[in-house]
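> have a look at this prediction, sequence included:
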Amino acid sequence: MRRLLIGSLTAVAVLLAGCSTRSDDDTPTDSAPKSTPTTVSSADFGTLKNVCGPGTAGASDVQGVTAKKIQVGVMSDVGFTKKSEFTDAAKVFTEWCNAAGGINGRTIDPVTRDTRLMEVRQRVLEACKSDFALVGGGAALDSLGVQDRLKCLLPNFPGQSSQIGAIGSDLQLIASGPTAGYFQYAGYYTWLLKEKYPASAQKVGIISGDSPVTKVMTGQFKEAVSGLGGHVSYSDLYPATGVADWTPYAQAVKKGGVKGLVFLGDFASLAKLEQALTNIGYAPDWIDANSNAYGPAFTQLAGTALAKQHNYAELFGTAPLESAAANPATQQVIDLFKKYAPGKEVTYPVLRAFSAWLLFATSARDCTALTRKCVYDNAAKNTDWTAGGLQAPFDLTSKEPPKCYSVVEATTDGWKPAGFEPNQGLYRCDDSVYKYKTDYGQPATLASVGKSLSDLT
C-alpha cells in the first residue's frame, strides 16, 4: 500500500475517489439543506456543554502551545483536489470556539498542511516541528506519513483515514469508523443482501478504477460479500485514463445478470455508467455508490437515470444532512457555516471533521496541564462518543467496528434517508460484523519506530 504506482493524474484521481470518503463541494451552495438559524449557547455544541471557554492558561514549554494559543495542523489534499472541506471545517470550528474563549483561554490556531496528494510525508515532517497535534483533516495517501508521525509522537484526530497503514495506527483516534482489520460496511451489506434485496446475494458485481488502492479494496469486498453469504459473480476494472463509452460495461453487467453492483471509483464515471444502463433498459436491484457520491453533484450528474437506478451509500453512524431538521447538532453545523463560512458547502467530510474537532477540544479542555499525553488519554477514554449528536455512539476504547450505521438513497430529488429500518433514532444498530481472514496489511505501531506510549508526554 505504501509503494503506490501512479502513472498519471487521472490514475491518481481514480485512486483518490476509490479510497476516500469525500464528496464534491463545487456545487452551488443553494443545493444544501435549507434551514433557519437556531439559537444556541455560544459555548455548547449539541448535547456537549461548554466545549470552549475562557480561562487563565499560563506559559507552556509544550510544542505548539503558548500562554495564548494552541497550534494544530490540518492535513488536506486541497492543492490537488481543490476541495476545501477540511480547511473550511477547521475555520468554522476554530472561529466559533475562539469566539467562546478558546480552550481554557487559549485560541486554536489551525495550520493547513496541504499534501497536494503525494507530499504527505513532507507535510507530516513540517507538522512534527511545530504542531501540537493534527486535527480534523485527512489525506488519501495517509500511510505515507504515518511512520514519521509516530517517530515524533504527534497525535492525530483525523476527520478521515484512508489507507491500511494509517487506519488503526498508534496515536491516531478516529471519532467514528473505519476500524482496522474489519469490513467497515458489514451491517449495511447484511441489510442489502439478506433483507432489502435477498435475490441479489448471489449476483453481486464489482466495477472499480484501475489503481493499486482500489484493487486491494476489490479483494476486500469480494471476501466480505462471500463471508456475509453472498457471491461476487462479475468483476471488472475501468481504465484510469477514462472511459469514452460506458455502454460495453453496461452490457456486461446486463449479460452477467448482476443484481447488486459495487462501484469503487469516481462518481462522475458512475453517473455515466448509470445513464448507459438506463439507455439499454437494465437496472440492478441496487448500486452501492459509496459515500464518495453523497452530495448534490452526483444526483445532478446522474439526472433522470436515478428514476430507474437504485443508489445507496452508508455514512457509518453519521446523521445525514437531510435529517438536520430533526437533529439539532447537524443543524448547528449548518448554522455555523452560514455565520463563519457563508457560501461554503456542508458536506459529509465536514461532519466527520467536526466530530474530530469536538473530540480534540473537549479532551484538551479537561486537561489541567495541556500536554499531548493528557489530550490523547482523555480522548481514548470515550466509550460512547456522539459528537454532541452528530453521530451514533462510538466506543474509542474498542478495537471492534461500530454497530450502528445510517443509509441514504439517491433520488431524482436528491439524497434522502433510505428505508433501512433504523432502530435507535436515526441509526440502525445490530451485531453484523465481518473480520477479514486475509491479511491486507497492518496499521503502523509505535513499536515499529522504536517508541512506546510511555514516551508520550
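Yep, it's here. Residues are numbered from 1 along each chain as shown.
> excluding its backbone neighbours, what's nearest Lys403?
Counting by CB to CB, 6 or more residues apart in numbering, Cys429 is the residue found nearest to Lys403 once chain neighbours are left out, at 4.9 Å. All C-beta atoms are positioned from the backbone trio N, CA, C, and that covers glycine.
> how many residues are close by that neighbour?
Cys429 has 17 neighbours, counted by other CB atoms under 10 Å.
> again, but for Val124
Look at Val124: counted by other CB under 10 Å, it has 28 neighbours.
> would you say it is within a strand?
No: counting by DSSP: H, G, I helix; E, B strand; the rest coil, Val124 is not part of a strand but helix.
> could you find the closest non-adjacent residue to it?
Counting by CB to CB, 6+ apart, the residue nearest Val124 is Gly145, at 3.4 Å.
> please look at that neighbour and Arg121 and confirm they touch.
Yes: taking CB atoms under 8 Å as the definition, Gly145 is a contact partner of Arg121 at 4.7 Å.
> more neighbours: the two, which one.
Higher neighbour count among Gly145 and Arg121: Gly145, with 28 against 16, using other CB under 10 Å.
> please name the residues that touch that one.
120-121, 123-125, 139 (CB atoms under 8 Å, 6 or more residues apart in numbering).
> quick one: it is in a helix?
Yes: assigned with three-state DSSP, Gly145 falls within a helix.
> that one and Tyr376: what is the separation?
According to CB to CB, to the nearest Å, Gly145 and Tyr376 sit 18 Å apart.
> related to what we said a few turns ago, my read: the residue nearest to Lys403 touches Ser406, true?
No: Cys429 is beyond contact range of Ser406, at 10.3 Å (criterion: CB under 8 Å).
> please, where are all the strands along this protein?
For the chain, applying DSSP state E gives strands covering 69-76, 107-114, 133-135, 156-157, 204-209, 232-238, 260-264, 286-288, 311-314, 404-405, 407-411, 414-417, 428-429.
> which sections of the stretch 101-250 of the chain are below the confidence cut-off?
Under the criterion pLDDT under 70, no range of the stretch 101-250 of the chain is flagged.
> mind running it again at 80?
The stretch 101-250 of the chain contains residues with pLDDT under 80 at 177, 212-213.
> who's in contact with Ser363?
374-376, 378-379 are the contacts of Ser363 under CB under 8 Å, 6+ apart.
> try Lys254
Applying CB under 8 Å, 6+ apart, the residues near Lys254 are 277, 280, 282.
> how does the protein divide into domains?
Following automatic domain parsing, the chain resolves into domains at 44-180+325-393, 186-315+403-429.
> what bridges to the residue nearest to Lys403?
Cys404 (DSSP bridges).
> tell me the contacts of it?
Applying CB under 8 Å, 6+ apart, we find Cys429 in contact with 392, 403-405, 423.
> same question for Ala100.
Here Ala100 is in contact with 42-43, 51-53 (CB under 8 Å, 6+ apart).
> change it to 10 Å
Ala100 makes contact with 41-45, 50-54 under the criterion CB atoms under 10 Å, 6 or more residues apart in numbering.
> per-residue pLDDT, it?
Ala100 is assigned a pLDDT of 97 by the prediction.
> what do you get for Lys437?
Lys437 carries a pLDDT value of 97.
> next one: stretch 360-377 to chain centre, how far?
In this view, stretch 360-377 has its centroid 24 Å away from the chain centroid, taken as CA atoms, centre = their mean, to the nearest Å.
> oh sorry, the question was meant for stretch 306-316
Centroid separation for stretch 306-316 versus its chain: 17 Å, with CA atoms, centre = their mean.
> and it, average pLDDT?
Averaging pLDDT along stretch 306-316 yields 96.
> first-to-last residue distance for that stretch?
Distance between the two ends of stretch 306-316: 23 Å, counting by CA to CA, to the nearest Å.
> so for stretch 379-390, first residue to last residue, what's the gap.
End-to-end distance (CA to CA), stretch 379-390: 17 Å.
> actually stretch 448-457, sorry about that
19 Å.
> quick check: mean pLDDT of that stretch?
Rounded mean pLDDT across stretch 448-457 is 97.
> ok now that stretch, how far from the chain's centre?
Centroid displacement of stretch 448-457 relative to its chain, using CA atoms, centre = their mean, is 27 Å.
> if we can go back for a sec, among the domains of the chain, which comes closest to Gly450?
domain 44-180+325-393 (8.2 Å; CB to CB).
> tell me who's in contact with Gln63.
So Gln63 contacts 71, 128-133, 152-154, 372 (CB under 10 Å, 6+ apart).
> try it again with 8 Å
Gln63 makes contact with 130-132, according to CB under 8 Å, 6+ apart.
> tell me what angle the longest helix seen in the chain forms with strand 69-76.
Longest helix in the chain, counting residues (DSSP state H): helix 348-365. Inter-element angle recorded for helix 348-365 and strand 69-76: 150 degrees (by axes from the mean of the first three to the mean of the last three CA atoms, to 10 degrees).
> circling back to that earlier point, overlap in contacts, Gly145 and Arg121.
Shared contacts of Gly145 and Arg121 (CB under 8 Å, 6+ apart): none.
> helices of the stretch 151-300 of the chain, residue ranges please.
Using DSSP state H, counting those that start in this stretch, the helices of the stretch 151-300 of the chain run over 186-190, 212-227, 247-255, 267-279, 296-302.
> any idea which of those helices is most buried?
Looking across the helices of the stretch 151-300 of the chain with neighbours counted as mean count of other CB atoms under 10 Å, the highest average goes to helix 186-190: a mean of 24.
> returning to that earlier point: quick check: the farthest pair among the contacts of Gly145?
Largest separation among the contacts of Gly145 by CB to CB: Leu125 and Ala139, giving 13.5 Å.
> so for those two, which sits in the more crowded spot?
Counted by other CB under 10 Å, Leu125 and Ala139 do not tie: Ala139 has more neighbours, with 32 against 16.
> quick one: closest of the domains of the chain to Asp439.
Closest to Asp439 of the domains of the chain, according to CB to CB: domain 44-180+325-393, at 9.9 Å.
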